[in-house]
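*Asks:* The following comprises the amino acid sequence and a computationally predicted model.
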Amino acid sequence: MEEMKSLLRLRMSAKDAHYGGNLVDGAHMVHLFGDVATELLIKCDGDEGLFCAYDNVEFLAPVYAGDYIEAEGTITKIGNTSRKMTFEARKVIISRPDINDSAADVLAEPVVVCRASGTCVVPKDKQRIAR
Ligand SMILES: C[C@H](N)CC(=O)SCCNC(=O)CCNC(=O)[C@H](O)C(C)(C)COP(=O)(O)OP(=O)(O)OC[C@H]1O[C@@H](n2cnc3c(N)ncnc32)[C@H](O)[C@@H]1OP(=O)(O)O
């Protein structure tokens, strides 16, 4: 099977900060993975599909307002109606409020902030791409 991947890249805004110290809630990464999964299913099946279950979610580093996040997903297995996927979210730019209000750095190496895996379902009658 040709490897199927999708990538979203976006900036966490002050509106996304939910906790003290401008910390973004972990559920926000899971929300991004839902959009990545939807794009993967559109590529794979021509349908947005439904998220059935996560079997693992790990929060590995904090995310703050001002961080730029890349959220990437890969389809690892295609079943009858199920599509197994893995996800990774990485920070690629961070704010530097310790320097001044507008300082920011491009990271030499991305920092992985969240990893997850799960299963989506596209019912047979909605699969529009023959395989
Ligand atoms: C990605 C989306 N565009 C965005 C979203 O997040 S949608 C919002 C959140 N999700 C939902 O609202 C979905 C609500 N759930 C459902 O509608 C149904 O539960 C379902 C459609 C997801 C599954 O229902 P159904 O088709 O009746 O299930 P099954 O026939 O039992 O199984 C279908 C395939 O899925 C595999 N499977 C079932 N449960 C699990 C599980 N817990 N973990 C992993 N895999 C599971 C099952 O083995 C079937 O696979 P195959 O068809 O054999 O490949």
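*Replies:* Structure received.
*Asks:* what's the neighbour count on whatever residue of the chain ends up closest to the ligand?
*Replies:* Proximity of the chain to the ligand (C-beta to the nearest ligand atom) peaks at residue 79, 2.5 Å away. (C-beta placed from N, C-alpha, C; glycine too.) Neighbour count for residue 79, taken as other C-beta atoms under 10 Å: 9.
*Asks:* And the one 5 residues further on, by the same measure?
*Replies:* Neighbourhood size, residue 84 [other C-beta under 10 Å]: 16.
*Asks:* if I look at it, how far off is residue 23?
*Replies:* With the distance defined as C-beta to C-beta, to the nearest Å, residue 84 ends up 31 Å from residue 23.
*Asks:* Could you do residue 78 as well?
*Replies:* Look at residue 78 and residue 23: by C-beta to C-beta, they are 37 Å apart.
*Asks:* Likewise for residue 29?
*Replies:* 12 Å.
*Asks:* can you pull out the strands in the chain?
*Replies:* Applying DSSP state E to the chain gives strands spanning 4-11, 17-19, 23-24, 50-59, 68-78, 82-95, 104-121.
*Asks:* Now mean pLDDT too, for those strands, in CSV please.
*Replies:* Output for the strands of the chain, formatted as CSV (pLDDT from 0 to 100):
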stretch, mean pLDDT
strand 4-11, 97
strand 17-19, 97
strand 23-24, 98
strand 50-59, 98
strand 68-78, 98
strand 82-95, 98
strand 104-121, 98
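*Asks:* Of all those strands, which one comes closest to residue 131?
*Replies:* Between residue 131 and these, the shortest gap by C-beta to C-beta is with strand 68-78, which sits at 7.4 Å.
*Asks:* can you list contacts of that closest one?
*Replies:* Contacts with strand 68-78, where a contact means C-beta atoms under 8 Å, 6 or more residues apart in numbering, come from 1, 3-12, 29, 32-33, 35-37, 39-40, 44, 63, 83-94, 110, 113, 117, 131.
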